[in-house]
Structure formats: C-alpha cells, structure tokens
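Chemist: have a look; sequence and predicted model below, questions after that.
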Number of protein chains: 2
Amino acid sequence: MPTNTYQTLVEHTKKLRLLEAVSALLEWDQETYMPKGASHARAEQLELLASICHEQKTHSSYANLLASFIDLETGQLCCSHLSQQQIVSLKLLQRDYKKQAALPNKFVKQFAKLCSQSHGIWAEARQNNNFSLFAPYLEKIIEMSRQKADYIGFKDHPYDALLDHYEPDMTCAQLDPLFQALGQQLHSFVQQIQKQPRADTSILHGTFAEQQQLDFGKLILEKVGYSFDFGRLDLSTHPFSTSFHPTDSRITSRIHKTSVLDCLSAILHEAGHGLYEMGLPQDFYGTPICEAISLGIHESQSRFWETFIGQSQQFWQYFYPLLAQTFPAQLGHVSLDQFYRAMNAVHPSVIRIEADEVTYCLHILVRYEIEKALIKKELSVKDIPDMWNMLMKRFLGVEPASDQEGCLQDIHWSMGGFGYFPTYALGNLYAAQIFATFETLHPDWGQRLAKEQSLNFVTTWLRCEIHEHGHLYSAEELIKRVTGQALSPEPYLRYLKNKYTLS
Amino acid sequence: MPTNTYQTLVEHTKKLRLLEAVSALLEWDQETYMPKGASHARAEQLELLASICHEQKTHSSYANLLASFIDLETGQLCCSHLSQQQIVSLKLLQRDYKKQAALPNKFVKQFAKLCSQSHGIWAEARQNNNFSLFAPYLEKIIEMSRQKADYIGFKDHPYDALLDHYEPDMTCAQLDPLFQALGQQLHSFVQQIQKQPRADTSILHGTFAEQQQLDFGKLILEKVGYSFDFGRLDLSTHPFSTSFHPTDSRITSRIHKTSVLDCLSAILHEAGHGLYEMGLPQDFYGTPICEAISLGIHESQSRFWETFIGQSQQFWQYFYPLLAQTFPAQLGHVSLDQFYRAMNAVHPSVIRIEADEVTYCLHILVRYEIEKALIKKELSVKDIPDMWNMLMKRFLGVEPASDQEGCLQDIHWSMGGFGYFPTYALGNLYAAQIFATFETLHPDWGQRLAKEQSLNFVTTWLRCEIHEHGHLYSAEELIKRVTGQALSPEPYLRYLKNKYTLS
C-alpha cells in the first residue's frame, strides 16, 4: 500500500489539466477575439504556460509520486485494491511520463521554437508558391522528428513513435495493409463513379446572408443536442473545436457568403468533436479517464456527424425544407434530390479540405506514404514536390498546378505534426464502422428525426457507447465493444459503394 | 555589485505579470463569452493561477534575488549604477514583497475563500433586501480586514494599511481634511442647485436600437484614439475594462434600450481606463514601471473622459448632431441645449452608480465614514443600515427606502475591498486638476475637435503627461508634475461651480 493516496496523484494531474485548459482558452481567444496587435504578448503567455506544464509533467516530485503506484519503466503496478479506472489511469500516466521524460527539456524547447518559426515561413512559402523557402525548415523539422522517434523508441518503424502520439498503439505494421486495401478499392471505385453522369453543383452557390447561415447552424446544433449552456459557436478563419472542460466545449465555423454548405458542414463537423468532449465523464476530470482516446476516435465523432449523418438523405429530408424556406430565392427552385446529389458530388481534386467523402482518404494516403519515407530517410525534402505530384496522379488521377495547391497546402508539417494525417483516414474508418452499427440498431432514424424533430437520440447513443467511457478503453477495445468487430476498411467501402453506386 | 543581474529579476517579475494577465483573460471571458455552465471549472482554473502567483511572489528564491538589490526590510538599495526606472522598480517590488510576505499563506487562502462565499451571499441578500443574511459574512470580512491591517502594519489608523493597497501612500490623515472640505462645499452647493429650475430628463429616454448604440460608441472610441488593433469593445452585465498588456487592453459596455447615454458614457469611462493601460511604457513590461500608479489615478483617466470631456458642451457640439442624425425619431426634436442640460441634471438620489457629477463624491464620503468606523471598531455591523441612512440624509438629503437601495447596493465589501471607495472620489479630484491644466493649455479644444474631427490630441497629451511614465512617479509626484500643484479639492469645486451655476 503506497503512503501517497491516489487522491494526491489526482490533485497533481488535475493541476496539469487545468493549466492545459487555460492554454487552450488563450488559443481560442487568439483565433476568435484577440486584437491583432496582441500576438506577441499572447505568444509570451502561451510559452510561459507551456514551460510550467512541461516542468510539472517531468518534475521529480511527480515522478516519485507516480512511481509509488506504478513502475515508471515497466508499467508494472505496485499496489492493489485499485478500480479499473485507476488502473487504466496509472498505465496512461506512466506511458505519458515515460515519453515526456525521454525528451530532454532542451530538445522540447528547441523543437517548439523551430516549429514556431517554421509556421510563419510555411505561410509565406505557401502564399508565394515557393517550396524552396520552406524546405530548409522542413528539413530541420524532419531531422528533429527522427530524433524524437529515437528518444521515444520504437520497435519496427521510427514513424510508429510519432504516430503513437496521436493514435496510441497504432503502427505502420497495422496501417500498411489497411491503407493498401483502402487505397486500391477507393481508386478503382472513383474511376467507376467518374463514368456516371456528374451532378450539377452550381445550384449550391449563391449569396447566403451571414446571420441566416449562422442561425441555421444554431438550429442544427440545437437539434443534435449541442448545449449552449456548455458550449459556444463563434467565427474564425479556420473552423476548429476546443474544450477546457466537459462543461466548456466550444466550436467555431466560418462563413462563405456564396456557399451555405461550407458553414453548415463545418458546424456539424466541429459539433461532433464538441459533443465528444462534452460527453466525457467529468467525475474523472483531471485523470486520463476524462480525456479523448485518440485523434482517430475524435475524428470519427466529427465525421459521423458531418458526413454519415449530415450528408445523408434522411438528414436533409427533415432539414432541406427548412433550409429552402430560409433561402427561398436561392434554393426555392432546387429539389431535395438535386440538392442531395450536388452535396455528394464526387470529383477528384487537389485540395484535401475540399475533398468529397470518396476521395478524401486518398489525399491522406499520399501524405502517409511521403511522411513514412521522409522519416525513414527514403525520400529527401527536395524531392517532395515530385513525389507529391506523382502520388496524387497515381491515387487521384489529378496533379496540382503548383506546390501551393500541392505539398504546401497543409499546415501540419510546419507545426511538427508528423504522424497526424493518418488519424483523418482512421476517423473515417472508425466512423463508418460505428455508423453501420448505429444504422442496424436504428434503421428508422430518419423517420424518428422527422417525428421527434431532434437528433438527441443519436447523441445519447454515441454518449452511452463512446463518450461517457472517456479513455477507459483503447481505440481497439472501444471499436470492438461498440461494433463487435475489429477495425476494418470494409464498412467504409460498403457504405461508399451503397451510397455512390447509381442503381 | 550583485551577482544576479537585474535582468534575472525582471525575468521573474515578468512571469508574474504574464500569469496575472492570463488570470485577467479568464475573468474577461467569464464576464463576456463563457457558457454559463462552465463557472465551476473556471473557478478552479482561477484558483490554481492565484495560488501559483502567490507562491511565486513569496518564494524564497525570489526573495533572495530581490534582496541582492534592496534590503527587504528597510528598502535600502544595496547596489549602485541603477537607472531611475530601476530604482523605482526595486522600491515598488520591495514594498510589494514586504506586504505579501507579511500575510501568512493560510490567511490569504482563508480570506479569498471567505470573499468568494460572501459574494454569492451578498447577491442573494441584495436581491431579497435582507441585510441580516449578509451581516455575519460582513462581520468576518471586517474582522479579517482588521487582521490584515495588523499584519501589514500602520502608523496612525488601521484603515491606512487597507487604503494603501489601492492608493499607495494615501492615509486618513490626508483624506480627512480633503474629504471634509469637499463634503461641506458639495453639500451646500447641491442645496443651492436644487433651488434652480430642473432640466427635463425625459427627453433622454426612448427606444434606441442596440446595434446603433454600439456603432455610435465605436465612432466615439475611434475619435478619442482608442485603437481596435490593441483593444476590443464587448458587452457584459456590468461595464468594465481589463488589460493583459499595453497591446491588449479591452473594454465592455452594456445596452439599455431606453437610454442611449448609459451605454455611451460607460464606453467613454472604460475607454479612459483602457487608454491609460494602452499608453503604459511597454518597454518596461514585466516591471512595476509598466503598471498604473494607483486606482485613483486610473479613475482620473476614466472620469476625465466620461465627465470632463464627455459631459461637456464642447464635446456634444461636435457629437450631438451626429447622434441626433443616428436617432432622428428620438432626438430630432431635441436641441443641443436641451440635451446638454438633461445630461447634466443634478438630482440627489440613493444609488451611487447613477449619481450625477455634483453628488457623486457625497456617496463616497458616506462609505468612507462607515468603513473607517468599522475598521476601528467604532461601528458594529448591525448598526450599518441606520448609520448609512443617517449619513445619506446628512450628506445628500435623501434616504433609501430599503437596504437594497442603501447599504447593500455595492459589491465591494463582499469582495473584501475595504479601502477601495475613496479612490473614486480621488479620481474625480485628480481628473479635475488635470483637466484644469489641460484646458489652460488647450482653451480651444472644442473648436479643435470640430476642425480635426478627432480627439487624438487630447489622448496624446494624456499619454505624454501621464500614461507613458507608467509608475515612475507616485500619485503625489505625478499630480505636481502635471498640474504644478499638490492635490486639492479646489479645482473640482471650481469646475462644478462654473458648470452648474446658472448665470
């Protein structure tokens, strides 16, 4: 029996969570309301909080406290009489401690500084379509990412060490066959779809007043059970969600005056993230149990709402009449069928964030191949543009006209986020598998929406099945519990084929 | 020559300032955008930051560092070759350290907890007009305030120790004669004014659309040189200003749909505070030099804009035509003269925050007398209501119908803010003295506003004379530098007599 009570440990980890929440609020403010002249002061505030957090995460007093419960090296528990939640928490804390402690403080600071510089350089390089400007910074980021993988350690592939940060336990050995099957089938399916007649997407464009777009977004949020008592909707350049506590989980969207769906689908996407955070078990706040499992699971919640629900016929059977009523001049002459087909038009393009459901994962596979090769020194930075274009051609059959629309389009590398992209594809696969189970259990969900005028029952189902367990299960365990099956690309491919094959 | 460089010291104090800024942002968010369900989580975040701050302020490593420059007990400098800014900084830091260190950590936490509880009780007591509900909490707050005064130490009156927190160096010995002269003259002047015909204030009321009120407020802010690159205007229940850095100084206002002046004068008041913070010397950020001198000087800046400028004929000669144009239905038939007289109607009333320029300070004198007596045990809590009503009758000739409109009206006591109120009166006196100097130097300021369509020259004058010196001078030194005179109630009384005596 340890002399320290488990409560003492929770007090420490809760402090860390509170400090992280404070940082997240500063970042939210930065993207929403902060006066533009304040960016330097804000950077200093964030830097200080990050340094206090890292200090506390690796402090010897914390290490000693944690070590009285679990062996920091092996992860062997040193005490009994623990609940399942306590056992899982200790294992997650040990894992995180080991990783944090493996990274020298100097390295962490240096890497943070490099990324902070690189971010601005990347933005400039993208704006000026000048890859060579970004290349030397990217070079250093890759070098430090390799070094990071070495510090953390890995069994097979150095990329595994990076991937693990975003998707715990996931490895290239698991991803490679998964993504290969996915890539092949998507590729041939896209070719098949392209032979079908193309939907008229011009009907989605017009002029849609800002306030009406937002009001309609709020109506949708209300219907899906996103509570404004515990969240907010604001505007920002790039839509995002952030959470400071299950009782304060905020989302943002943006307004394109000429495209109403851009704002609405961003709202549904971010609401999926927001609802996940709102649904985490707050009695365990301050421990890893009240945290999301992985970015892949997080993304499954956003894609569940954005695409599986939000791009379905059932959803719009209810919402489209209301939307057409809100914008009679723009949509009054457009039928539900026309609207549905335009929204789901499949068209291979060069920009990831504009991709449709069918081609989206192919964009991720391009990045996955390049990232692995870079980390394993099988590709050099100067060859990225050619490799990018070649892979785009191979997977999607299109080639970007410039690096701006090619390998410079994403922010992730400039932030040192190697290993992040695969979680987007995983999110779609998890979501498809969860949605298939949901549909089996609720085949009448469209009718139910029409009758109850609410999707609260969907949110409740997700909450009971996923959110309220927090991080009690690993992604692998959760998917098996919810769907009865291990992760597989089949449900996603089946869903796409059902939806996109014209009968 | 100390082994520690001055820069090391500044690094430490800057961290404290950054943490305080972070807390202030959390509080700003709490009053403006935070979802209502998040209040418990926010309280935990703020509590943690407060505890980290107090730890760092009293940490032995900081004390040792500071002690290598200045004797912590006597304030005697231990090193030479210091700039004026460094000398002043060290003296202010020593002073603050001595005060912080005098208070036992346990006492600080206990007092914070008591105030946090009392705040809710006070709100309930006020709502239900039930002083006896608040009385036991107030009793404890007074007891702990006395204890605080004992810990900090004082020469003549225990109230001096409390006052010093808000208005450094100010004492009852200085305030008593000042406030006595002020009280007597205001009292007889109010009686004199009441014999004059009363202005028709009904013309100020109507229905004023929210957005138009805000837009007009923003126009005023632009004309006074409040920069939205370094600030914001938002809405909150009670208007306030807050600053996280000279580059991020925000204000709020509120909208009364039936009274346009409520919003506009709140905006001008808060802009005065905001401009002061924006104008502080940011090269010295992290040291006391980049801080306001006192609450009295802060209030002088808000009152300068709100009343001396914002309730003047010159100001409205320019702005009233624009206002009447914005609200033609409500103000089209009202002349500038009618508007000006209505805005400056003098009418003794029971609520401080609704008081006019002439009676405002009398409200403060009531509170000053009561606070001093409470702290010196010359008045017991149960006798506050009678004493309040008696003093209101004596100073203002009116009596509140209930404690809700009497001794329960202000939030300050519930927050442990004994010693705060006098700074409101001081703010008016400082402002009058500064304004008299300003008018001597710029007798044509009204014409200049009409010509330049901007009050930037006023802001620039205040910045050069006051803001950009930060805390280099004490309040006493600053007032002498700017106006050539020591603080006196005469400029204020002269201003009021000139303005309110009908010729």
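Modeler: Right, received. Where do you want to start?
Chemist: in the stretch 151-300 of chain A, which spans are helices?
Modeler: Secondary structure of the stretch 151-300 of chain A (DSSP state H, counting those that start in this stretch): helices at A:158-166, A:172-194, A:210-224, A:260-279, A:295-303.
Chemist: among those, which is nearest chain B?
Modeler: helix A:260-279 (9.5 Å; CB to the nearest CB). In short, each C-beta sits where N, CA and C put it, glycine included.
Chemist: can you tell me if the closest one touches chain B.
Modeler: No: using CB under 8 Å from any CB of the partner chain, helix A:260-279 stays clear of chain B, coming no nearer than 9.5 Å.
Chemist: repeat for stretch A:10-21
Modeler: Yes: counting by CB under 8 Å from any CB, contacts between stretch A:10-21 and chain B involve A:15, A:18-19, A:21.
Chemist: between these, which sits nearest chain B?
Modeler: For the residues of stretch A:10-21 next to chain B, the closest approach to chain B (CB to the nearest CB) belongs to residue A:18, at 4.9 Å.
Chemist: separation between that closest one and residue A:12?
Modeler: Distance check for residue A:18 against residue A:12: by CB to CB, to the nearest Å, it reads 11 Å.
Chemist: if you count surrounding residues, which of the two has more?
Modeler: Of the pair residue A:18 and residue A:12, residue A:18 is the one with more neighbours under other CB atoms under 10 Å in any protein chain shown, namely 21 against 18.
Chemist: got a pLDDT number for whatever residue of the stretch 51-200 of chain A ends up closest to chain B?
Modeler: Shortest the stretch 51-200 of chain A-to-chain B distance, computed as CB to the nearest CB: residue-wise this is residue A:52, at 7.5 Å. What the model reports as pLDDT for residue A:52 is 91.
Chemist: same check on residue A:485?
Modeler: On the pLDDT scale, residue A:485 is placed at 97.
Chemist: can I assume the residue of the stretch 51-200 of chain A closest to chain B sits in a strand?
Modeler: No: residue state for residue A:52 (DSSP: H, G, I helix; E, B strand; the rest coil) corresponds to helix; a strand is not indicated.
Chemist: which stretches of the stretch 201-350 of chain A form strands?
Modeler: A:233-235, A:241-245, A:248-253 (DSSP state E, counting those that start in this stretch).
Chemist: that older thread, run a quick neighbour tally on the residue of the stretch 51-200 of chain A closest to chain B.
Modeler: Count around residue A:52 with other CB under 10 Å applied: 18.
Chemist: show me the shaky parts of the stretch 151-300 of chain A.
Modeler: For the stretch 151-300 of chain A, applying pLDDT under 70 flags no range at all.
Chemist: what parts of it come near chain B?
Modeler: For the stretch 151-300 of chain A, the contact set with chain B under CB under 8 Å from any CB comprises A:227-232, A:234, A:244-245, A:247-248, A:250, A:285.
Chemist: out of these, which are buried?
Modeler: Among those, the ones that count as buried by 16 or more other CB atoms under 10 Å in any protein chain shown are A:227, A:230-232, A:234, A:244-245, A:247-248, A:250, A:285.
Chemist: not counting residues beside it along the chain, what's closest to residue A:393?
Modeler: residue A:399 (5.1 Å; CB to CB, 6 or more residues apart in numbering or on different chains).
Chemist: please identify the helix or strand for the one you found.
Modeler: Per DSSP states H and E, residue A:399 falls between elements, in no helix or strand.
Chemist: quick one, phi/psi of it?
Modeler: The phi and psi values for residue A:399, taken as degrees, to the nearest 10, are phi -130, psi 130.
Chemist: same check on the one 5 residues further on?
Modeler: Main-chain dihedrals, residue A:404, degrees, to the nearest 10: phi -50, psi -40.
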